[in-house]
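# Next comes the sequence, and after it the predicted model I'd like to discuss.
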Amino acid sequence: MPPKADINKAGWEQSDFPILCETCLGDNAFIRMSKQEFARECGTCARPFTVFRWNPGQSSGSRFKQTVICQTCAKIKNVCQTCILDLEYHLPTQVRDTALALKNEAPNSDINREYYSQNMDGKLDGAKSGLDTGRASSAGKEMLKELARSDPYYKRNRPKICSFFVKGECNRGTECPFRHEMPPNGDLAKQNIKDRYHGKSDPVARRILSGHAETHGMQPPEDTSITSLFITLLPASTTEQSLRTTVVQSIPSIDPAAIRSIVHVAKTRCAFVNFVDRMSAERAAEAWALGLDVEGQRASVKWGRAKAAKAPSTSAAPGPGSTAPVAAASA
């Protein structure tokens with residue numbers, strides 16, 4: 001009679017091979033991997049999973065690497081189990097999801113995440129990925145083609161920075177297996193697994209998206225009061241309601257409540273999209289750097305302009321309760 005299954009291991013993941021990108025696998029054609037079942041918790045869903053450990057290229061001084069998330073979470077987002085970058089484009093998930101207008105459906109609670117992963121484990125049995133990119137716009141796909149990395153980036157496999165060198169206390173010199181250099185400062189030094197996986201507040205993604213937007217003339221204006229984007233070359237059949245639907249679907253990472261108003265001018269086939277805050281407007285500008293697909297036609301997007309302050313009237317002096325005009329963002 002076979003032994004009873006351990007109820008304490010329900011939902012735990014066992015696997016024979018890891019899901020890795022070419023960079024993490026390394027340039028060594030002969031790799032020896034160690035495998036340990038239930039060695040650690042997944043960095044996103046907290047379920048125990050099978051951990052693989054290997055050296056991607058010992059001859060080039062690479063460090064030992066290991067898988068940090070389970071295969072179910074990797075399939076849900078189509079990412080590498082080690083670097084958590086997209087397997088097809090080799091980009092952060094936040095960049096890919098912004099370009100393809102993909103919505104993050106994973107729950108925030110640790111308990112709900114574990115339950116969600118267990119349910120997805122059965123649905124993704126045998127599947128390579130859980131992403132549905134069939135509805136992606138042509139502008140989003142074009143954006144990913146520009147940003148995608150075609151060659152492996154083996155620099156990510158370098159040894160980590162020596163903490164004793166940072167303190168000025170390392171006495172091993174050239175024999176030290178770690179890098180002797182100062183760590184980077186700023187936002188890039190504040191990275192964590194969950195933000196990278198779920199595509200929220202990822203500093204690497206922010207730098208890539210902002211740089212891409214700046215390259216295509218969508219750099220945010222210095223006037224922080226401008227929170228509007230101007231859309232031109234809209235199809236003649238576009239209505240305000242259809243435009244609102246397209247706008248909301250193209251930026252699922254932004255709360256629809258962040259869109260203050262949409263002013264559609266059918267006669268000139270243009271529209272203003274006004275946002276509640278500057279951050280939401282910048283996220284939309286990054287997503288629309290190559291334009292916005294509306295009813296199968298590419299519309300052009302630019303930043304709005306602040307309204308010029310009206311000159312005070314010289315015919316009559318202002319009354320005691322009057323106020324000076326203030327510049328406002330475009331309608």
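It's in.

# Any regions of this protein where pLDDT drops low?
1-11, 58-60, 105-135, 189, 308-331 (pLDDT under 70).

# Where do the domain boundaries of this structure fall?
9-147, 159-207, 217-303 (automatic domain parsing).

# Mind putting the ones you listed into CSV with mean neighbour count?
Quick note: C-beta positions are derived from backbone N, CA and C, even for glycine. Shown next, in CSV, are the domains of the chain (neighbours: other Cβ atoms under 10 Å):
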stretch, mean neighbour count
domain 9-147, 18
domain 159-207, 13
domain 217-303, 17
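
# now the strands for the chain?
Remark: strands assigned in the chain by DSSP state E are 34-41, 48-54, 65-66, 228-232, 259-265, 270-275, 292-294, 297-303.

# Closest to the centroid, which residue in this protein?
Relative to the mean C-alpha position of the chain, the nearest C-alpha, by Cα atoms, centre = their mean, is the one of Q94, at 0.7 Å.

# circling back: so which of the strands of the chain gets nearest G211?
Nearest of the strands of the chain to G211, taken as Cβ to Cβ: strand 297-303 at 16.6 Å.

# just to revisit the earlier point, CSV please, covering the domains of the chain and showing distance to Y153.
Shown next, in CSV, are the domains of the chain (distance: least, Cβ to Cβ, whole Å):
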stretch, distance to Y153
domain 9-147, 5
domain 159-207, 12
domain 217-303, 22
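
# So the residue nearest to the centre of the chain is in contact with D202, correct?
Yes: between Q94 and D202 there is a contact at 4.6 Å, judged by Cβ atoms under 8 Å.

# any shared contact partners between the two?
Residues touching both Q94 and D202 (Cβ atoms under 8 Å, 6 or more residues apart in numbering) are R196.

# circling back: tell me the contacts of the residue nearest to the centre of the chain?
When contacts are counted by Cβ under 8 Å, 6+ apart, Q94 touches R196, G199, K200, D202, A205, R206, L209.

# next one: D27
D27 makes contact with P56, G57, S60, P152, Y154, according to Cβ under 8 Å, 6+ apart.

# re the thing from before, among the contacts of Q94, which are in helices?
The helices, defined by DSSP state H, take in R196, A205, R206, L209 from those.

# about what we covered before: and the strands of the chain as CSV, adding distance to A281?
Listed next are those as CSV, based on distance: least, Cβ to Cβ, whole Å:
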stretch, distance to A281
strand 34-41, 38
strand 48-54, 40
strand 65-66, 39
strand 228-232, 6
strand 259-265, 10
strand 270-275, 4
strand 292-294, 14
strand 297-303, 8
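
# Among the ones you listed, single out whichever gets nearest to A213.
strand 297-303 (10.2 Å).

# Determine the set of other helices and strands touching the closest one.
Secondary-structure packing of strand 297-303 (3 or more Cβ pairs under 8 Å, 6 or more residues apart in numbering; DSSP states H and E): strand 228-232, strand 292-294.

# mind redoing it with 6 Å?
Here strand 297-303 is seen to pack against strand 228-232 when contacts are counted using 3 or more Cβ pairs under 6 Å, 6 or more residues apart in numbering; DSSP states H and E.

# Name the strands paired with the strand it packs on and say parallel or antiparallel.
Partners of strand 228-232 in the sheet, by DSSP bridges, are strand 270-275 (antiparallel), strand 297-303 (antiparallel).

# Could you dump those into JSON lines and include distance to N185?
Below are the strands paired with strand 228-232 laid out as JSON lines (distance: least, Cβ to Cβ, whole Å):
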{"stretch": "strand 270-275", "distance to N185": "31"}
{"stretch": "strand 297-303", "distance to N185": "30"}
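
# and of the ones you listed, who's closest to A289?
Evaluated with Cβ to Cβ, these place strand 297-303 nearest to A289, the distance being 7.9 Å.

# Check what contacts that closest one and list those residues.
For strand 297-303, the surrounding residues in contact (Cβ atoms under 6 Å, 6 or more residues apart in numbering) are P221, L229, F230, I231, T232, L233, L234, P235, W288, G291, L292.

# Stretch 220-238 too?
With contacts defined as Cβ under 6 Å, 6+ apart, stretch 220-238 is touched by 269-275, 278, 281-282, 294-295, 297, 299-304, 306, 329-330.
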